[in-house]
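Chemist: pasting a predicted model and its sequence here:
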Amino acid sequence: MNTLIIILEKYSIGEGVIVSLFSMLIVFLLLLLLSIIITLLKFIPFQDRDKNAKKPVAAGAQNHAVAISSTEDEEERLVAMLTASCLAKNEIDGDVKVVSVERTK
């Protein structure tokens with residue numbers, strides 16, 4: 001207990017406040033520096049190898065088309081065309097045109 005009183009007598013409350021404010025200033029300056037570095041990372045050009053390389057589009061399987069004329073099958077064909085165009089749009093830059101839809105087994 002005597003050691004604590006001797007330590008407290010060496011330093012005043014004013015010195016403790018100054019040390020606390022200086023420490024908080026250092027912390028906020030470091031946070032500001034990190035924020036600036038993170039913001040500047042947006043401007044560094046990164047090369048995307050996946051986007052630059054052209055991916056070949058896989059040709060559809062050579063299956064025989066089955067001609068069915070019901071409205072339910074027409075809806076299935078429309079869904080298949082929309083799904084195929086959405087999937088192809090992710091792989092190809094540009095417009096996509098579905099030429100034909102064939103039923104597979």
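Modeler: Received, thanks.
Chemist: in the helix or strand residue 76 falls within, what's buried?
Modeler: Residue 76 is located in helix 71-91, with elements delineated by DSSP states H and E. Using 16 or more other Cβ atoms under 10 Å as the burial criterion, the residues of helix 71-91 that qualify are residue 77. For every residue, glycine as well, the C-beta is placed using N, CA and C.
Chemist: quick one: the helix or strand containing residue 29 to chain centroid distance?
Modeler: When elements are assigned from DSSP H and E, residue 29 belongs to helix 13-40. Here helix 13-40 shows a centroid-to-chain-centroid distance of 31 Å under the convention Cα atoms, centre = their mean, to the nearest Å.
Chemist: how about stretch 7-16?
Modeler: From the chain centre to the centre of stretch 7-16 is a distance of 51 Å (Cα atoms, centre = their mean).
Chemist: and that stretch, average pLDDT?
Modeler: Averaged across stretch 7-16, pLDDT comes to 81.
Chemist: CA atoms of that stretch as CSV?
Modeler: The C-alpha coordinates for stretch 7-16 follow below in CSV (Å, rounded to 0.1, in the frame of the first residue of the first chain):
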residue,chain,number,x,y,z
ILE,A,7,3.9,6.2,-7.1
LEU,A,8,0.8,8.5,-6.9
GLU,A,9,2.8,11.2,-5.2
LYS,A,10,5.3,11.3,-8.1
TYR,A,11,2.7,12.0,-10.8
SER,A,12,-0.1,14.6,-10.7
ILE,A,13,-3.6,14.4,-12.2
GLY,A,14,-2.6,16.9,-14.9
GLU,A,15,0.2,14.7,-16.1
GLY,A,16,-2.1,11.7,-16.2
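Chemist: hmm, who's touching that stretch?
Modeler: Residues from elsewhere that reach stretch 7-16 (Cβ atoms under 8 Å, 6 or more residues apart in numbering): none.
Chemist: rerun that using 10 Å as the cut-off
Modeler: When contacts are taken as Cβ atoms under 10 Å, 6 or more residues apart in numbering, the neighbours of stretch 7-16 outside the stretch itself are 18-19.
Chemist: great, nothing more from me.
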